[in-house]
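Q: Make a model of this:
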Amino acid sequence: MKKVWYSIFLLLLTFSSIFPSPASAHTNNSEGYSNIVVKNKSLDYELKLDLEELGHALNKATNERELINNKIVQRYINSHIKIYGDSELLEGNVLKTDIEMLKERPFAVIKMEYKTNHKPEKLVVQYNMFMDDSDPSHANFATVKMDGKQQEKILTFESREFEIGNISFMQNAIQFLTLGLKHIFTGYDHILFVISLLFGAKTIRHILSLVTAFTIAHSITLALATLDIVHLPTRFVESAIALSIIYVALMNIFNQDSKHQPWLAFAFGLIHGFGFAGILSEMRLDTNHMVASLLSFNIGIEIGQLLIVSLVFPIILWVKKLTVKPVKWVIPGTSAAILAFGLVWFIQRAF
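A: Prediction:
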């Protein structure tokens, strides 16, 4: 009887070696090739990938022309290859796709472009194609040309990052200061919160105490979050920011004579700091300039806040001094509009 079972085992072993299972039928030790050229305000990236392995990663048959559809491939590449120019994450756009034969195997040839605001001094490539999806043994032979220099590296499961160049201190400081300015002027929730605080301010000295408390608080949590010491869920932070707007707007509507206290600005500033850190979490901060990056970003935010206060607070004081009856509804009416924005943001972010 043992001989019968032994014969069956050998037979099954033979068949398993002849007919591999579908899960293991795809390419092993697949290869890829990256050729990146850094230009003044763009990066040209020619990426060549084993067509069969790309098919498995995208769950598509290799004989379909749709396999190298620009939009499908662009989404997949941007989620698996991260390129940072001077710490800023760049978005790749597929310009052209094609198929060519390499080593008697079909390869997808994908030409991409990454737009930049300036020529980056430092480039970091994080490569994760196939390695966690379909082929851990995948390797990519990468070449980067930058400032007349060329560097090569083989990217593998154990070594997925390629770094070239060094960003200067001044370039880093200017970049993050500009980023802070841009962030405060496009962060409408932060702007409305600051304006709501201004409605409850009585004097220049009072507004300085509110802005100082808010600044100290958000600087603390910005640093803690960026350095990954304290981490809060994004949905919770964004919902709490909306609630802070709602709370201050309600105070301005139902108690127009209330004087906002610095502790209130400090408490909500702690939450807003986590919100400011959100944009930095999408970047790859240079460890050599970490403190300078945080400081420059914070200075940019403060410059933006001071500009908003300088423009808005004189108008608020002027409106409060007017004696025309309809004017007394301007601040409550504006607060009601801010309240509506806060409610909409809270619903969108919390649910």
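Q: Would you mind measuring from Ser30 to Phe130?
A: 6 Å (C-beta to C-beta, to the nearest Å). The way it works is simple: take the backbone N, C-alpha and C, and place the C-beta from them, glycine included.
Q: Mind jotting down where the helices sit in the stretch 251-351 of the chain?
A: Using DSSP state H, counting those that start in this stretch, the helices of the stretch 251-351 of the chain run over 262-281, 290-321, 330-350.
Q: before we move on, the earlier item: give me the common contacts of Ser30 and Phe130.
A: Contact criterion C-beta atoms under 8 Å, 6 or more residues apart in numbering; residues shared by Ser30 and Phe130: Leu49, Glu53, His138.
Q: Using JSON lines, lay out those residues together with distance to Ile164.
A: Converted to JSON lines, the shared contacts of Ser30 and Phe130 look like this (distance: C-beta to C-beta, whole Å):
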{"residue": "Leu49", "distance to Ile164": "22"}
{"residue": "Glu53", "distance to Ile164": "26"}
{"residue": "His138", "distance to Ile164": "22"}
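Q: Could you list the low-confidence segments of this protein?
A: 1-28, 60-69, 256-258, 325-327 (pLDDT under 70).
Q: quick check: domain ranges of it?
A: 26-165, 169-350 (automatic domain parsing).
Q: Ends of the last one, what's the gap?
A: Okay, so that is domain 169-350. 39 Å (C-alpha to C-alpha, to the nearest Å).
Q: Doesn't Asp133 belong to a helix?
A: No - judged by DSSP: H, G, I helix; E, B strand; the rest coil, Asp133 forms no part of a helix; its state is coil.
Q: could you pull out the strands for the stretch 101-250 of the chain?
A: 105-115, 122-127, 139-146, 149-155, 161-165 (DSSP state E, counting those that start in this stretch).
Q: Which among the ones you listed is found nearest to Phe236?
A: Of all the strands of the stretch 101-250 of the chain, it is strand 122-127 that lies closest to Phe236, at 27.2 Å by C-beta to C-beta.
Q: roughly how far out does the helix or strand that contains Ser79 sit from the chain middle?
A: Per DSSP states H and E: Ser79 is located in helix 70-80. Here helix 70-80 is found 16 Å from its chain centre; the criterion is C-alpha atoms, centre = their mean, to the nearest Å.
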